[in-house]
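J.: sequence isn't available, so here's the structure alone:
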């Protein structure tokens, strides 16, 4: 994939993250949401997990954050590697770690989906 | 070797000679350059937190008792202070990211001028600096109303 496309994906995902993470974080505010202690209680977490709307939000957030983050890590790694072969190897390692984390993050969402 | 390839090889062999020091290691850097370094550092920290967060939150797959024991272990002032720092990093990264996106697409910049001594950056306007300061102020306000307020009412 062209580097310019990867950069564009990172920018688009940044916009998605800014919007969705605002919604995610308001749950932990007592001023505009249920508050930190209540939002982390088992009953609140279980209720959110049984709600398809929250499941969809978490799937999008997980995908957006991991993709944005690992593209960023790849950019940093590239600054320290000049060899093309090593860059390809580093990209593959980062991609495999990304896929494992994505699968591990999706598992509880799918397992608890209604 | 063709000239273009030789030039590219020489360029690549000198990529980031200063390493991490090069992110913040010059007294000649302006505020935006330091914000760039901090954007990198907070970005790496946030990726580390996301990985930890995925492992923590997946504990709910194993039922209420496992979830409660994991969260009981983390429910203390020290780890919550860590969360306040994470949110601070997130707010900085987010607002600085919005600023970078606006700058990337040329908002508030003007047409570049011919470089003449004393070689000031010609494309930047007062609006660019105002945007930077506005983003910092918004991040600080949300930081106080969000994690700092929650920490105080929880542990204060």
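T.: Noted; the coordinates are in hand. Quick caveat, the model's predicted, so the values are computed rather than measured.

J.: for the rest of this, base every contact and every neighbour count on C-alpha atoms.
T.: Fine.

J.: so which bits of whichever strand or helix holds residue B:80 are buried?
T.: Assigned by DSSP states H and E, residue B:80 belongs to helix B:77-104. Across helix B:77-104, burial judged by 16 or more other Cα atoms under 10 Å in any protein chain shown covers B:80, B:84, B:86-101, B:103.

J.: now swap in stretch A:50-68 and tell me
T.: A:54-55, A:58, A:61-68.

J.: so where do the strands sit in the chain?
T.: No chain was given, so I picked chain A. For chain A, applying DSSP state E gives no strands.

J.: so which of the buried residues of helix B:77-104 reach chain A?
T.: Checking the buried residues of helix B:77-104 against chain A by Cα under 8 Å from any Cα of the partner chain, the ones in range are B:94, B:97, B:101.

J.: skipping adjacent residues, who's closest to residue A:78 in space?
T.: residue A:87 (6.5 Å; Cα to Cα, 6 or more residues apart in numbering or on different chains).

J.: what distance do you get for that neighbour to residue B:96?
T.: Distance, residue A:87 to residue B:96, using Cα to Cα, to the nearest Å: 28 Å.

J.: what's the answer for residue A:43, then?
T.: Applying Cα to Cα, the value for residue A:43 to residue B:96 is 35 Å.

J.: chain A contacts on chain B?
T.: So far as Cα under 8 Å from any Cα goes, chain B lies against chain A at B:12-13, B:15-16, B:19, B:40, B:43-44, B:46-47, B:50-51, B:54-55, B:58, B:60-61, B:64, B:67-68, B:94, B:97, B:101, B:146-147, B:150, B:154.

J.: gap between the residue nearest the centre of chain B and residue A:68?
T.: Residue closest to the average C-alpha location in chain B (Cα atoms, centre = their mean): residue B:39, at 2.5 Å. Distance, residue B:39 to residue A:68, by Cα to Cα: 13 Å.

J.: repeat that for residue B:85.
T.: Distance of residue B:85 to residue A:68, given as Cα to Cα: 21 Å.

J.: cool, and residue B:55?
T.: Going from residue B:55 to residue A:68 by Cα to Cα gives 19 Å.

J.: equivalent analysis for residue A:26, please.
T.: Using Cα to Cα, we find residue A:26 at a distance of 21 Å from residue A:68.

J.: contacting residues around stretch B:142-153?
T.: Contact with stretch B:142-153 is made by A:29-30, A:35-36, B:80-81, B:83-84, B:87-88, B:91, as judged by Cα atoms under 8 Å, 6 or more residues apart in numbering or on different chains.

J.: also stretch B:78-96?
T.: Applying Cα under 8 Å, 6+ apart, the contact partners of stretch B:78-96 are A:18, B:35, B:39, B:42-43, B:45-46, B:49, B:74, B:132, B:135-136, B:138-139, B:142-143, B:147-148, B:151.

J.: done for today, thanks.
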